[in-house]
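Chemist: sequence and predicted structure below; questions after.
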Amino acid sequence: MKKLIIFFTIAALLQTSMASAQAERNKQFDFWIGKWDLYSGGSQMGTNTVDSILDGNALEENFVEFPPDPFHGKSLTSFNYATQKWEQTTVDNRGHHSFFVGEFKNNAMVLTRNFSNAKSEKRKQRVTFYNITRNSLDWTFATSSDEGKTWSTLYTVHYKRQG
C-alpha cells in the first residue's frame, strides 16, 4: 500500500511540475500581447493587436498596414508540446498562407519556414522578435536562398505599445 501511495504522490508531483512548465512555456510569447503602433523608417505604417485566446494556450494576431498599399493579416500562434516548438499559421488579404516554427532563445523569438518560390526554388523565411521590452520590440522578416547560411532582411518593424 505504501508503494502505491508513493507512486501516486510522485505521479501527482510530476503532473503538477509538467503543468507548471507548460504555463511558463505559454508565457514566452506574452510580450507580444497588446495593441501596438508599428513603425518602419521612422514613420507609422500600421497597427497590430495580439490577444491571448483559448485559456492562454494560443495567440491571435490582427495586423493592419496603412494605405497606399493596405495589407491585412491574421495569425494563430501556439506552443506544440509534442515538438517543443512554437508554431504560427498566418493568412492575409493577398491570399498568402504560411506556417512558421521556432523557439524563444537568447532573448529573441525566432520562427522559420521552408517554401518554394514561383520558380520552384527552395527558400527559407524567418521572422525574429528581438529588443523586447514591456513597451516596445523590433521585428524583422528575412529570406534565405542558401538553406539559412545567409539572410536578406526584407522588412524591419518597430513595435510601440499603444497607451
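Modeler: It's in.

Chemist: tally up the residues packed near Gly102, please.
Modeler: Using other CB atoms under 10 Å, Gly102 is surrounded by 19 other residues. From N, CA and C alone the C-beta is placed, and that goes for glycine too.

Chemist: that one and Met109, how far apart?
Modeler: Distance of Gly102 to Met109, computed by CB to CB, to the nearest Å: 7 Å.

Chemist: same check on Phe71?
Modeler: Going from Phe71 to Met109 by CB to CB gives 21 Å.

Chemist: re earlier: what do Gly102 and Met109 both touch?
Modeler: Trp86 (CB atoms under 8 Å, 6 or more residues apart in numbering).

Chemist: just list the residues touching Glu60, thanks.
Modeler: Taking CB under 8 Å, 6+ apart, we find Glu60 in contact with 50-51, 53, 74-76.

Chemist: of the residues you listed, which is the nearest to His158?
Modeler: Taking CB to CB as the measure, His158 lies nearest Val50 of these, at 15.5 Å.

Chemist: go ahead and confirm that closest one touches Trp36.
Modeler: Yes. Here Val50 reaches Trp36: they are 7.4 Å apart, a contact under CB atoms under 8 Å.
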